[in-house]
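Chemist: show me the folded form of this:
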Amino acid sequence: MMLKTQCMLCPRNCKADRKNGQKGYCGAADKIQVARASLHMWEEPCISGDKGSGTIFFSGCPLRCIFCQNRDIALGNKGIYLSESELSAVFLRLQEKGAHNINLVTPTHFVPQIVCALNLAKEKGLKIPIVYNTGSYEKTETIQQLEGLVDIYLPDLKYINSKLSSQYSNAPDYFVIADRAIAEMVRQIGKPVFAGNIMRRGVIVRHMVIPGHTNEAKEIISHLYYKYGNDIYISILNQYTPHGDLTNYPEIARTVTRREYQKVVDYAITIGVENAFIQEGNTAKESFIPDFDELGLLEIPLRTL
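Modeler: Numbers count the residues shown, from 1 in each chain. Reported below is the predicted structural model:
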């Protein structure tokens, strides 16, 4: 499956000629670019388990939030180029290493190539669940290409307030777009399914609490719970770590306080949320942000930058 001459995979509709080497808003042309592929222990417990999630960090991003924790790769300036066949080999190698699943991080702008690579890998014995890990700035048409291939959706719901999404992510339409995308994910997957403590199918919607915006977090949790009930899990994150140049955004140039986070968790409990993940202790630290050192990509012949 090839990119069209004018790329309109994501809501940016930038129409970049990625097929012929032009980079889109996401920072990527048509060649798959990956910064890291490894067993990752820092996802939700039902995703990482005791063996790790086979996590593949793609370079570039259609959202590019100003506080991005993965800023080293979000601009598409780091990583190794892979063909669809080589990416499928990475999937299979992670399965061989015991990964509970294949975890595709920020994959939106490479969906056509990923579909091809997944089909190739499944033909060669890929059996573990596929996780689609996204900021949710997704077209439903793009998500529909993944039906039958993805088993677990791991989307963010970052904002409801369009002023915030415009200010921090240059996406005033973020909530409308993300809400539709998440609805499509839930339609595809249905209710969560577990094998022991490991999720096999399901949707986990994440919200990372932003400093000074606990009311926004409460609105998001309320929206998700009253719309989906126990058909999804909600993951409330306190690991916000200020990154990049936030000189013009002093209100978010700090970590979330324990009091702020606890207010959000208490609210979720008060309204009846049961299917939830919360974080304990001070998780706003670099251990949650891996080194994008091309780990796991140098074990097979690959084309480098």
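Chemist: where do the helices of this structure begin and end?
Modeler: 45-48, 71-74, 84-96, 111-123, 140-144, 162-169, 174-189, 214-228, 258-271 (DSSP state H).
Chemist: and the angle from the longest one to helix 162-169?
Modeler: Translated: helix 174-189. 90 degrees (axes from the mean of the first three to the mean of the last three Cα atoms, to 10 degrees).
Chemist: repeat that for the third one.
Modeler: For helix 84-96 against helix 162-169, the angle by the same axes, to 10 degrees is 100 degrees.
Chemist: what residues does helix 84-96 touch?
Modeler: Applying Cβ atoms under 8 Å, 6 or more residues apart in numbering, the external contacts of helix 84-96 come out as 32, 34, 37-39, 54, 56, 82, 102, 113-114, 116-118, 120-121, 124-128, 296-297, 299-300, 302. (Each C-beta comes from the backbone N, C-alpha and C, glycine too.)
Chemist: what do you get for the fifth one?
Modeler: Residues from elsewhere that reach helix 140-144, judged by Cβ under 8 Å, 6+ apart: Leu9, Cys10, Thr108, Val111, Arg180, Ala181, Glu184, Met185, Gln188.
Chemist: buried ones in that helix, by neighbour count?
Modeler: Within helix 140-144, the residues scored as buried using 16 or more other Cβ atoms under 10 Å are Thr142, Ile143.
Chemist: from the chain's centroid, how far away is it?
Modeler: Centroid separation for helix 140-144 versus its chain: 15 Å, with Cα atoms, centre = their mean, to the nearest Å.
Chemist: okay, and the helix or strand of this protein with the least pLDDT?
Modeler: The least trusted helix or strand in the chain, going by mean pLDDT, DSSP states H and E, turns out to be helix 71-74, with a mean of 78.
Chemist: give me the contact list for it.
Modeler: For helix 71-74, the external contacting residues (Cβ under 8 Å, 6+ apart) are 27, 35, 57-61, 64, 68, 78-79, 106, 243-244, 292.
Chemist: before we move on, back to that, quick check, nearest of the contacts of helix 140-144 to Ile269?
Modeler: The shortest approach to Ile269 among the contacts of helix 140-144 belongs to Met185, at 25.0 Å (Cβ to Cβ).
Chemist: how about the contacts made by that closest one?
Modeler: Residues in contact with Met185, defined by Cβ under 8 Å, 6+ apart, are Tyr132, Ile143, Tyr153, Pro155, Val203.
Chemist: that's all I had, so thanks and see you.
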